[in-house]
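S.K.: my questions are about this predicted structure, shown below with the sequence.
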Amino acid sequence: MPGMSSPDQHPISPSSIGTSLELWPGCRLVIDAKELAQSAISVKGCRYHSPTRFLEIFANDDSVPDGLPAHRDTQRWTKFTRKLFPRIPGVDFVLGPSHFQPPYSWKDADPRHICRSFTYNTNAFFRILLNLRDRGHISNKQVPKLLDRACRTLAYIYKADDSFVLKHINNNINMYLISKTVELMVGKRIYDAENQEMETTRAALEVALQTSFAAEMLSTSQKMSLAVRRGVSFVEERFCRKNAEISRDEQQEAMWQFDESMAIDHRQSLLSLLERNGCSRDAFSLVVVLDDATETVADLWWVSDLLQIFPFLEVDLIVNTAQISINFSVDMIMPVIRHPSLRSLADLLGTRLRVVQTYCPFISFQTSFLTPDIRELIAKADAVFIKGANFFETLQIAPKDTFYGFVVYGPVSQACTGLSDYESVWAYVPAGDVGYKFSTKTRVGWTLVQSVEHPKSQTFPRSNPMGKS
């Protein structure tokens, strides 16, 4: 296992963060380490006991990590970065000042937000290492040392060429770098950045399927709400972590959360669009972008309902061939479609329900990195449904009527929407508009709340063609 036994050669004291930090030349800020620790961003409910650990190492350690070339060795460093960054068919992956990364590149961010993102790095590394521990690949004793090594490696990647990478990435690319860092550190056999958390995700998916016995009792509206709320149920951490203890009642409560008073509720708008445009032409094409595996089960419930209600509807599910984090991937399609609660979809598979495979190495699809065939598919569709808060931030499709379903979570999500953490959203963004627009320094010129008219006025009626009596 590459480097697993390497000693911690450059110990950094947990109290070694100063009051001033330079992110890159010309960008220095005053920080409050205690406040940062208190406002640290957890990852799927997972949090390290010292969430500022990445910041401590970034601020104090400029050594070359084991196995990496020195920055000054231009030839070897260029070769390393070519191996580090992804290769997407038909897509040029480029970082730089002229390449916008939604919702903003970190060079345009408030530096305080970047420091808070550093707490995400710590907690993300911790969560990945816990998964490796639970699978028997590392011991509990190795976790803190490996976490420090991962922090050193990513910090060193950030700092190359006057922090070029740090300035020109977004949150989406940063999450990719977190996973690649762990892969580089322990080896692809132990951790594959394109085949992440398969065991945990499948276990969580099984929990979701096992608790689907009551799905037939729900209205389509309730299924939509349930699918949104599952985005913050953290099933993987609460139920599937080794030695996790949770009662059946707690499991049911977590899996069956509804929110009929959404902050933005345009579920009726989807129905209206189908009735108005689809019925008049006897045809309607809906592209669906899926998110986490457990919530995808509930998403497919309401998709199944729509296919039964509207015989002219055709649905294209865009599914990733890579297994990223706990997202739904192509290997999970058949076990889900064959489940009794989704048996109606099995009969439509390949005709009115099509699974379209694509490759995306990131945790959320990003408009600039969509493969050419997916761009063409979206261009031909009548509307698009996009699931997940991360996807809302990175996948704005102005030319199309687009629906977004997610729960607001984290400072970026709050800024983009104008809402608070844990508020539910089912938003319709008409063609020609976008869900948010940033100006500079993470100042939002246009939030989701501002982009939709009367966000709380379009509520779903109790009695409608999509509901059940």
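M.R.: Arrived safely, thanks for sending.
S.K.: which residues of the stretch 251-400 of the chain score low on pLDDT?
M.R.: 251-260 (pLDDT under 70).
S.K.: repeat the analysis, applying 90 as the threshold.
M.R.: Along the stretch 251-400 of the chain, segments meeting pLDDT under 90 span 251-261, 278-280, 292-295, 326, 335, 338, 340-344.
S.K.: where along it do the strands fall?
M.R.: With strands called from DSSP state E, counting those that start in this stretch, the stretch 251-400 of the chain shows them at 264-265, 284-289, 313-320, 353-358, 383-387.
S.K.: format the ones you listed as a markdown table; extra columns: distance to residue 335 and mean neighbour count.
M.R.: (C-beta placed from N, C-alpha, C; glycine too.) Formatted as a markdown table, the strands of the stretch 251-400 of the chain follow (distance: least, C-beta to C-beta, whole Å; neighbours: other C-beta atoms under 10 Å):
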| stretch | distance to residue 335 | mean neighbour count |
| --- | --- | --- |
| strand 264-265 | 32 | 24 |
| strand 284-289 | 18 | 23 |
| strand 313-320 | 13 | 21 |
| strand 353-358 | 13 | 17 |
| strand 383-387 | 19 | 24 |
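S.K.: closest to residue 132 out of the ones you listed?
M.R.: Closest to residue 132 of the strands of the stretch 251-400 of the chain is strand 313-320 (C-beta to C-beta; 21.9 Å).
S.K.: list the contacts of residue 322.
M.R.: 194, 195, 329, 359, 360, 361 (C-beta atoms under 8 Å, 6 or more residues apart in numbering).
S.K.: can you tell me which of those are in helices?
M.R.: Within the contacts of residue 322, no residue falls in helices by DSSP state H.
S.K.: any idea how many residues pack against residue 280?
M.R.: Neighbour count of residue 280, defined by other C-beta atoms under 10 Å: 9.
S.K.: in the stretch 301-450 of the chain, which spans are helices?
M.R.: 333-337, 343-348, 372-380, 389-394, 411-417, 448-451 (DSSP state H, counting those that start in this stretch).
S.K.: let me know the pLDDT of residue 13.
M.R.: We have a pLDDT of 50 for residue 13.
S.K.: which stretch of helix or strand covers residue 124?
M.R.: Element membership for residue 124 (DSSP states H and E) is helix 111-134.
S.K.: list the buried residues of that helix.
M.R.: For helix 111-134, the neighbour count (16 or more other C-beta atoms under 10 Å) marks 111-134 as buried.
S.K.: adding distance to residue 54, write the strands of the stretch 251-400 of the chain out as JSON lines.
M.R.: Output for these, formatted as JSON lines (distance: least, C-beta to C-beta, whole Å):
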{"stretch": "strand 264-265", "distance to residue 54": "34"}
{"stretch": "strand 284-289", "distance to residue 54": "30"}
{"stretch": "strand 313-320", "distance to residue 54": "27"}
{"stretch": "strand 353-358", "distance to residue 54": "31"}
{"stretch": "strand 383-387", "distance to residue 54": "29"}
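S.K.: out of the ones you listed, nearest to residue 414?
M.R.: strand 264-265 (13.7 Å).
S.K.: show me what that closest one is packed up against.
M.R.: strand 424-429 (3 or more C-beta pairs under 8 Å, 6 or more residues apart in numbering; DSSP states H and E).
S.K.: tell me what angle the strand it packs on forms with strand 383-387.
M.R.: Angle of strand 424-429 versus strand 383-387, following axes from the mean of the first three to the mean of the last three C-alpha atoms, to 10 degrees, is 150 degrees.
S.K.: parallel or antiparallel, which strands does strand 424-429 pair with?
M.R.: strand 264-265 (parallel), strand 401-407 (antiparallel) (DSSP bridges).
S.K.: export those strands to TSV and tack on distance to residue 99?
M.R.: Rendered in TSV, the data for these read as follows (distance: least, C-beta to C-beta, whole Å):
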stretch	distance to residue 99
strand 264-265	31
strand 401-407	23
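S.K.: nearest to residue 170, out of those?
M.R.: When these are compared (using C-beta to C-beta), the closest one is strand 401-407, at 17.4 Å.
S.K.: mean confidence for that closest one?
M.R.: 96.
S.K.: ranges for the helices of the stretch 101-250 of the chain?
M.R.: Counting by DSSP H, counting those that start in this stretch, the helices of the stretch 101-250 of the chain are 111-134, 142-168, 171-186, 198-210, 220-229, 235-239, 248-255.
S.K.: closest to residue 397 out of these?
M.R.: helix 171-186 (15.8 Å).
S.K.: run the chain-centre distance for the closest one.
M.R.: On the basis of C-alpha atoms, centre = their mean, to the nearest Å, helix 171-186 sits 14 Å off its chain's mean C-alpha point.
S.K.: cool, stretch 211-221 as well?
M.R.: Counting by C-alpha atoms, centre = their mean, stretch 211-221 is centred 26 Å from the centre of its parent chain.
S.K.: equivalent analysis for stretch 102-119, please.
M.R.: The answer for stretch 102-119 is 17 Å, by C-alpha atoms, centre = their mean.
S.K.: so how far is the first residue of that stretch from its last?
M.R.: 20 Å (C-alpha to C-alpha, to the nearest Å).
S.K.: which strand residues bridge the nearest residue to residue 386 once chain neighbours are set aside?
M.R.: The shortest distance from residue 386 to any non-neighbouring residue, by C-beta to C-beta, 6 or more residues apart in numbering, is to residue 289 (4.6 Å). For residue 289, the beta-bridge partners under DSSP bridges are residue 318, residue 386.
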